[in-house]
Structures are given as structure tokens and as C-alpha cells.
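Q: next comes the sequence, and after it the predicted model I'd like to discuss.
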Amino acid sequence: MSRVPPVVGLVAHLGRGVQRIATDGVLGRFRALPRSVGDLDAAYLSALMGRQVASVSVLDGDAGTSARARLALSGDGVPDSVFVKMPAETVATRLMGELGRLAATETRFYRELAPQLSGVPGAYGSAFDAATGRFVLVLEDLAAHGCEFPDTLHPIDAGRAGLIVELLARLHATFWERVPDWLYTASGDTAALLTGPLLKASARRIAERTDIAVGAGRFIDDHYRAVARIIDAPPHTVMHGDAHPGNVYFRGGAAGLLDWQAVRRGHPGRELAYTLVTGMTSEDRRTHERELLDRYRDALAASGGPRLGHDELWHRYRQGALYAYVAALITAGMGGMQAEGIALEGLRRAVTALTDLDTVELLRKSL
């Protein structure tokens, strides 16, 4: 009987996503939001940005969980270029976005939370249509401002990892135990019912086509919902939720974070483990992770957050390596979300961390 409410919630969640996409197919062209990057004309952008845009042209673009493009602008008081995000073109990718509430989360983040933070791309305007799930998000063009963008194949050294953990500390301190009601834990999401089956399917695919041994995580695959609740135990703060190297940038000697579509509430141990495991080589992580956690503790307290105990944070960090494994396995196993080389390297680091930190045994004892 205890499974009924989550299952009902998942069905309702899926139903809402399907309904939005169906509504968009029938009525979307009659609603106010543009349907593609090519539809973002000067009149629409002027209204959204509150600035007089005279001309718009597309510089370049790509696609992932959303459609993304850089636009050149001219006009009165407008930037020379902006970065825009809109819904993905395919129905399957849009449904995945609906499952994660990606559009609603990111547009709301920029409206309500981003103004309180540093290390976040500036926002010029956003819109979200709850009936169709369509959205438009207009951000500063980081590529035009000399920013550096790492990825998993170009690991972050200890110095830059320190800048990232300090940025996370400022984020976490800002919202420590005062998380907005609309944010939920990763384990509390109704879509988490799908995570266990996805882990098992991903593990089979990885075993069939790579030499990466993912057997160390089998206990997590089999008991995902139970162990996920362990790493999401309070105290809570606002987490970026997806702070891997591809969502990090560096500008003027400071770190920043982009792609705020997976913002969640949770304990910092989850976020710190995910960031350091995916961002650093396994050797560098082993060498520097304790000092980086201490640097985080100092920065959290200096920014107005609590003084976390050394042993307490180390314990939660070791548990939190579960998240790096889960995210990396599904990304690599299901495909389509990252380039294969990046996804597989992230998975190798995540599996290594499970062993280094004895995460599975720690979780087993905590059940």
C-alpha cells in the first residue's frame, strides 16, 4: 500500500507532461510564446527584455535537453549578443524535460533566486507557458565575455576545484534551511520511481558495450529509493543539482555555474561529491578532497552558514558519491545527453569513487 501514492503521483506527473505536449501540438501556434529560435523576432525580444531591440540574427546553436542558440542583437541599450534556451524539438526530449520539470524550474530560478546569487549568468528575461510547457530564457552570452568552459575530458585541478566549492558554499549559505517550498529533493520526486529501472537497464547496456565494471553499484541499483532517501536527509539548502564540469565556467579568476534546470533541495554532501567526483581525476580527488571539504566548511561559515563538523561532512560526502554514480550511469547507459567520451569518463570516475569512499558499505549499514 505504501507504493500507491508515489505511483499515483508519477502517473499524474507523466499525464501532465503528455497533456502539455498535446496541447502545444493543437494550440501552440495560437499562443504567445514563439515555437523556435527562428521565431524570436525583434518585437518579441523587445517585449520580453524590456529593451528596444532593432534586429536579431542567429550566430550559432545546438540542442540537448533544450534548444540553445546565440543571437546577435542591435538596438537601444541591448547587448551585442545573448544566449537563449527554448524547448527541444523532439517530443521524446520534451517529455524527458517535463519529467524533470526542467523548464519550469529554470525560468523560476532566474526570476526568484538568481538575483540573490553571484556566479550566475545574467538574465535579460524569461517566460513559461504552463499550458504547453513552452518557454523562452534569454541570458548573457558568456562565450562573448572571455569565459572558459571545462568539461570532463579536461579535468579541474585542485585550485579551480577550490573556487567551485567556495561558490557552492555561498549558494548553500544563502538558502541554508530556508529553501523555497516549490523545490523538492531528488529522492522525493515522483519521477524517482523510474530511476531504479533506468539504473538496471543502463548497467546492462554498459556491460554489453564497454569494459567498465559497474558491479560495485549493483546494491544501489537494487535499493535506489531507500539509499537515495539517506543522502537526502536534512539539513537542507538549495542545490544547483547538476554541477558537473560541463555546467561550470570561469571568468576573471572566479567560478560560475550555468544550466540551473535541475535545482533541488538537499544536503551539500550530495552536491560536493557529485562535483568533485565528476570534475577531477580520481587521483587528484583522492589527494585533495579532504582539504577541499575543509575549504568548503570555512567558506560556508564565512558566508553566514553553519560551521559543519569535519567528520559529519566527510560522512555525508562519502554517502553522496551515490549521486555521482547514479547520474553518470544513466547518462552513459541511456546515451544522447552528453558526448559518449565525456559520459564514459564520468562513469569511470564515479565507479572508482564508490570503491575509494566505500560508499556502498556505508549506505548498506545506514539502511
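A: All right, it came through fine.
Q: can you list the low-confidence ranges for the stretch 51-200 of the chain?
A: Nowhere does the stretch 51-200 of the chain drop to pLDDT under 70.
Q: in it, what residue spans correspond to strands?
A: Listed in chain order, the strands of the stretch 51-200 of the chain (DSSP state E, counting those that start in this stretch) span 52-63, 66-76, 81-87, 123-128, 135-140.
Q: right, and these - which one's nearest Asp358?
A: strand 66-76 (37.4 Å; CB to CB). Using the backbone N, CA and C atoms, a C-beta is placed for each residue, glycine as well.
Q: check which helices and strands the closest one is in contact with.
A: helix 42-49, strand 52-63, strand 81-87 (3 or more CB pairs under 8 Å, 6 or more residues apart in numbering; DSSP states H and E).
Q: list the buried ones in it?
A: Of all the residues in strand 66-76, those buried under the rule 16 or more other CB atoms under 10 Å are Ser66, Ala67, Arg68, Ala69, Arg70, Leu71, Leu73, Gly75.
Q: can you list those residues in a markdown table and add distance to Arg349?
A: Shown next, in a markdown table, are these (distance: CB to CB, whole Å):
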| residue | distance to Arg349 |
| --- | --- |
| Ser66 | 26 |
| Ala67 | 29 |
| Arg68 | 26 |
| Ala69 | 31 |
| Arg70 | 30 |
| Leu71 | 35 |
| Leu73 | 40 |
| Gly75 | 45 |
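Q: ok so, going back, okay if I get the helices and strands packed on strand 66-76 as CSV plus mean neighbour count and distance to Met337?
A: Output for the helices and strands packed on strand 66-76, formatted as CSV (neighbours: other CB atoms under 10 Å; distance: least, CB to CB, whole Å):
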stretch, mean neighbour count, distance to Met337
helix 42-49, 18, 28
strand 52-63, 14, 11
strand 81-87, 24, 15
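Q: could you chop this structure up by domain?
A: The record's domain split for the chain, according to automatic domain parsing, is 4-144, 158-366.
Q: most tightly surrounded among the ones you listed?
A: domain 158-366 (a mean of 19; mean count of other CB atoms under 10 Å).
Q: can you name every helix or strand that the helix or strand in which Tyr323 is found contacts?
A: Assigned by DSSP states H and E, Tyr323 belongs to helix 310-334. Helices and strands touching helix 310-334, by 3+ CB pairs under 8 Å, 6+ apart, are helix 195-209, helix 218-222, helix 224-231, helix 268-279, helix 282-302, helix 340-356, helix 359-366.
Q: which of these sits closest to Pro34?
A: helix 340-356 (30.8 Å).
Q: quick test: name the residue nearest the centre of this structure.
A: Asp242 (2.8 Å; CA atoms, centre = their mean).
Q: report the contact partners of that one.
A: Asp259, Gln261, Ala262, Tyr274, Ala327 (CB atoms under 8 Å, 6 or more residues apart in numbering).
Q: any chance of TSV for these, columns distance to Ala228 and pLDDT?
A: Shown next, in TSV, are the contacts of Asp242 (distance: CB to CB, whole Å; pLDDT from 0 to 100):
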residue	distance to Ala228	pLDDT
Asp259	22	95
Gln261	20	94
Ala262	15	94
Tyr274	13	97
Ala327	12	95
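Q: separation between Pro87 and Thr174?
A: 30 Å (CB to CB, to the nearest Å).
Q: same check on Asp39?
A: Between Asp39 and Thr174 the distance is 36 Å, computed by CB to CB.
Q: just send the strands of the stretch 51-200 of the chain back as JSON lines, with distance to Phe250 too.
A: Below are those laid out as JSON lines (distance: least, CB to CB, whole Å):
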{"stretch": "strand 52-63", "distance to Phe250": "21"}
{"stretch": "strand 66-76", "distance to Phe250": "19"}
{"stretch": "strand 81-87", "distance to Phe250": "17"}
{"stretch": "strand 123-128", "distance to Phe250": "20"}
{"stretch": "strand 135-140", "distance to Phe250": "15"}
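Q: Thr152 is nearest to which of the domains of the chain?
A: When the domains of the chain are ranked by proximity to Thr152 (CB to CB), domain 158-366 comes first, at 4.6 Å.
Q: if we can go back for a sec, among the contacts of Asp242, which pair sits farthest apart?
A: Maximum distance among the contacts of Asp242 (CB to CB): 15.3 Å, for Gln261 and Tyr274.
Q: show me the shaky parts of the stretch 201-350 of the chain.
A: For the stretch 201-350 of the chain (pLDDT under 70), the answer is none.
Q: how about the residue found closest to Asp60 once you drop the neighbours it is linked to in the chain, what does it touch?
A: For Asp60, ignoring the flanking residues on the chain, the nearest one in space by CB to CB, 6 or more residues apart in numbering is Arg70 at 5.4 Å. Counting by CB under 8 Å, 6+ apart, Arg70 makes contact with Val58, Leu59, Asp60, Gly61, Ser81, Val82, Phe83, Val84, Asp141, Ala143, Ala144.
Q: okay, and the beta partners of Arg70?
A: For Arg70, the beta-bridge partners under DSSP bridges are Asp60, Phe83.
Q: how much space is there between it and Leu48?
A: Distance of Arg70 to Leu48, given as CB to CB: 16 Å.
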